[in-house]
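K.L.:
generate a structure from the sequence data that follows.
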Amino acid sequence: MEPNKDKNELNIEAPNIPIPACIVNEDGKIESANEHIEKVFPFGGVEEQDFFALSGVKFKMLKSIAGASADDEEKEKDADKESTPEEIIIERNSRRFSITAKALENGKLLVFFYDVTSYEEIRDRYDREQICVCRINVDNYDQFTNAVSSETGMAVSTELNKIIRKWSAEIGGAIDKIKETQFVIHFQKANLEELTAGKFQILDEVRAIETGIDFPLSLSIGIGVEGKDISETAEFAAAALDLALGRGGDQAVIKNQNRIQYYGGKTQSVEKSNKGKSRIVGHAIKKLIEQSNRVFIMGHQHADMDAFGSAMGIYRICLTCGTEAFIVIDEIPENIKAFYEQVRAAENYNMIGTEQAMSMIEKDTLVVVLDTHRPSYLEAPELLEKTDQIVVIDHHRRAEDNIENPTLSYIETYASSTAELVTEMLQYVLNRKTLVRLEAEALLAGMTIDTNRFAVKTGARTFEAAAWLRRSGADTTEIKRYFQMEKDAFHVRAEALAGAEIHESGIATALTKGGGADVQVINAQVADELLNIKGIKASIVAGVNHKGITCVSARSLGDMNVQLLLEKFGGGGHLTVAGAQVEDAPEEALEKILKAAEEMERE
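P.N.:
Residues are numbered from 1 along each chain as shown. Take a look at the predicted model:
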């Protein structure tokens, strides 16, 4: 080395560097490279060449690997992005190389390329050969067998078994039939990509089986992958199947430690004709109430009549059992204010805020959660951490962030409303005459609002529950008064409808301007009204509430799953009714959701 040469100016062509290597300057340009670099990429050495263009690796990632500090501008740009991986692997000339770098004192980087092809091939093989556990449940099977002759039942069952076993063979699986409605399949992860690429066509095949009745059979599929052992993978599969069932069935859910993916979910949940579960759950809840020192009843934030009416029904069970009860509610939305004032005036109901509830709750206090199963949606989620006794009653399709390990969970997606579920339970745990008129009207109002006045998502059990409430004294004329809106809100709704846009995809979009605290209710009303237009299969409406949050309501006639659509934006709901709250401005939110909806249609 010459005496005046910089001590960090290394001669990378020296024989003691037998692997591809190069020197990169502060501008991300390659100044020199050794002869082995040709194994990675061609480098002429005549001029400085861009490292990123040749390797596909961003220079700032390379600097991070080397431990060199990025400039302040780069740090600011990357502040909210994912951290740089600890290892960079690139593929060149059918080989794979791991890149490492060393920062030199002159600001340059010395970069090495290690051939890790054999190690990566072993890793890929291990990944492909991991065992996946698949649990399959046949939905609606009991209702099907009760509705058809034994000959038809046997023929359909044979066809069903044939489809499932053929599907198992196609993915190289080992299948076990647990019982008539349940299967377990073990297969290698290499076949999972094929399943996801085909969007689980087996769901469509089973739904296409001719049953001779007015509803199809469907499958719920839960797949567990990438557990640390087969036991954990099986646990992931069971949790995935629970999610599929809790979301209404007719879908596949894939779960690993960090991610959940959904496929299918095209059909509405089939109403169960047997009310046995309502009776069992009703008596179980009554027993839990009797054993508790006090009960806190809580719905979701921005309570609607379904949440509040259901709370009134559970409160009546507590009164019958002689257990002290409190309805926890902080904010009184405009859409329930008139009814809330009536309840307050009755002076028979304890209603408290979160702060007071937190000062009173104990480990054996029972918390009943209504009309949601997601902690982030609750009026007071912190109450869940203070008790071991939690009951969840809901009718929404199960989301990922559900309340974990409740004492009792009653989530039925076929039901029109939580009020319907609570009403059915009331029939088994108290006399109809015990229910006062105000409570009966609250429950009926909840059912009315969630079914858009009994126009959507209603079954025979919905009307039976409504009839029981009517016989208990509910006045439908009085209920109509609860739904009256202020003149200003009426104008906002009219303007939103007048300004609605109808797109070629058959989706209608609208903006509500100036809805304030009522915007969520107005959005829902506008979305419902838009479905009355011929040719419209789905509607999406957005507006800003009084807290500056953009609220979105989506509705469909069943051709589009708006629940899956709004789940992409942090929301949820049902196949035909869903909602979400987003940070984007209403115009931007509508544009993004419309784009996502049209992409869903093309899939």
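K.L.:
doesn't K177 fall inside a strand?
P.N.:
Yes. K177 forms part of a strand when assessed by DSSP: H, G, I helix; E, B strand; the rest coil.
K.L.:
mind checking pLDDT for it?
P.N.:
K177 is assigned a pLDDT of 91 by the prediction.
K.L.:
distance check, it against I122.
P.N.:
Separation of K177 from I122 (Cβ to Cβ, to the nearest Å): 36 Å. The C-beta positions use only the backbone N, C-alpha and C, and glycine is treated the same way.
K.L.:
ok, now E210?
P.N.:
Taking Cβ to Cβ as the measure, E210 falls 49 Å from I122.
K.L.:
ranking helices and strands of this protein by mean pLDDT, which lands last?
P.N.:
Within the chain, confidence by mean pLDDT, DSSP states H and E is lowest for helix 72-77 among all helices and strands, at a mean of 44.
K.L.:
find the nearest non-adjacent residue to N523, please.
P.N.:
Of all residues not flanking N523 in the chain, S553 sits nearest, at 3.8 Å (Cβ to Cβ, 6 or more residues apart in numbering).
K.L.:
which helix or strand contains Y340?
P.N.:
Here Y340, judged by DSSP states H and E, is contained in helix 334-346.
K.L.:
and the next helix-or-strand element following that helix, how far out from the chain's middle?
P.N.:
As assigned by DSSP H and E, the chain's next helix or strand after helix 334-346 is strand 351-352. What separates the centre of strand 351-352 from the centre of its chain is 31 Å, taken as Cα atoms, centre = their mean, to the nearest Å.
K.L.:
how far off centre is whichever helix or strand comes after strand 351-352?
P.N.:
Downstream of strand 351-352, the next assigned helix or strand under DSSP H and E is helix 354-360. What separates the centre of helix 354-360 from the centre of its chain is 30 Å, taken as Cα atoms, centre = their mean.
K.L.:
next one: stretch 199-208
P.N.:
Distance, centroid of stretch 199-208 to centroid of chain: 22 Å (Cα atoms, centre = their mean).
K.L.:
hmm, who's touching that stretch?
P.N.:
With contacts defined as Cβ atoms under 8 Å, 6 or more residues apart in numbering, stretch 199-208 is touched by 160, 163-164, 167, 216-219, 221, 250-252, 263-264, 266-267, 603.
K.L.:
and with 10 Å instead?
P.N.:
Applying Cβ atoms under 10 Å, 6 or more residues apart in numbering, the external contacts of stretch 199-208 come out as 136, 138-139, 159-160, 163-164, 166-168, 170-171, 195, 198, 215-221, 223, 249-252, 254, 263-267, 603.
K.L.:
show me those that map onto strands.
P.N.:
If you go by DSSP state E, those have 136, 138-139, 218-221, 223, 251-252, 254, 263-264 in strands.
K.L.:
now find how far off-centre the helix holding Y340 is within its chain.
P.N.:
So, by Cα atoms, centre = their mean, the centroid of helix 334-346 is 32 Å from its chain's centroid.
K.L.:
buried residues in that helix?
P.N.:
By neighbour count on 16 or more other Cβ atoms under 10 Å, the buried set for helix 334-346 is 334-336, 339-340, 343.
K.L.:
please apply the same query to stretch 520-534.
P.N.:
Residues 520-531 are the ones in stretch 520-534 that count as buried (16+ other Cβ under 10 Å).
K.L.:
then stretch 17-37?
P.N.:
Neighbour-count burial for stretch 17-37 flags 17, 20-25, 28-30, 32-34, 36-37 (criterion: 16+ other Cβ under 10 Å).
K.L.:
E588 touches V552, doesn't it?
P.N.:
No. Between E588 and V552 there is no contact under Cβ atoms under 10 Å: 11.3 Å.
K.L.:
quick one: low-confidence ranges for the stretch 1-150 of the chain?
P.N.:
In the predicted model of the stretch 1-150 of the chain, residues 1-16, 44-48, 68-86 satisfy pLDDT under 70.
K.L.:
tell me which stretches of it form strands.
P.N.:
Secondary structure of the stretch 1-150 of the chain (DSSP state E, counting those that start in this stretch): strands at 21-24, 29-33, 49-50, 88-92, 95-103, 109-115, 131-139.
K.L.:
highest mean neighbour count out of those?
P.N.:
Of all those, strand 21-24 carries the top mean neighbour count, a mean of 24, counting by mean count of other Cβ atoms under 10 Å.
K.L.:
which residues touch the nearest residue to I99 once chain neighbours are set aside?
P.N.:
Of all residues not flanking I99 in the chain, I88 sits nearest, at 4.4 Å (Cβ to Cβ, 6+ apart). Listed by Cβ under 10 Å, 6+ apart, the contact set of I88 reads 55-58, 61-62, 64-65, 97-101, 113.
K.L.:
which one among those gets closest to D330?
P.N.:
Using Cβ to Cβ, S64 is the member of the contacts of I88 that sits closest to D330, with 45.4 Å.
K.L.:
so the closest one touches A101, yeah?
P.N.:
Yes. Contact criterion Cβ under 10 Å: S64 and A101 qualify, at 9.1 Å.
K.L.:
ok, now how distant is the closest residue to A33 other than its chain neighbours from N34?
P.N.:
Nearest residue to A33, sequence neighbours excluded (Cβ to Cβ, 6+ apart): C22, at 3.7 Å. Going from C22 to N34 by Cβ to Cβ gives 7 Å.
K.L.:
now the helices for the stretch 201-350 of the chain?
P.N.:
202-207, 230-246, 276-291, 305-321, 334-346 (DSSP state H, counting those that start in this stretch).
K.L.:
go through those helices and pick out the most buried.
P.N.:
helix 305-321 (a mean of 26).
K.L.:
what angle separates that one from helix 334-346?
P.N.:
Counting by axes from the mean of the first three to the mean of the last three Cα atoms, to 10 degrees, helix 305-321 lies at 20 degrees to helix 334-346.
K.L.:
need the contact list for the residue positioned nearest the centre of the chain.
P.N.:
Closest to where the C-alpha atoms of the chain average out (Cα atoms, centre = their mean) is A399, at 4.0 Å. With contact taken as Cβ under 10 Å, 6+ apart, A399 is in contact with 243, 246-247, 260, 372-374, 376-377, 563, 567, 570-573.
K.L.:
switch to 7 Å and redo it
P.N.:
By Cβ atoms under 7 Å, 6 or more residues apart in numbering, the residues touching A399 are 374, 572.
K.L.:
likewise G516?
P.N.:
545-546.
K.L.:
please consider this matter closed, and thank you.
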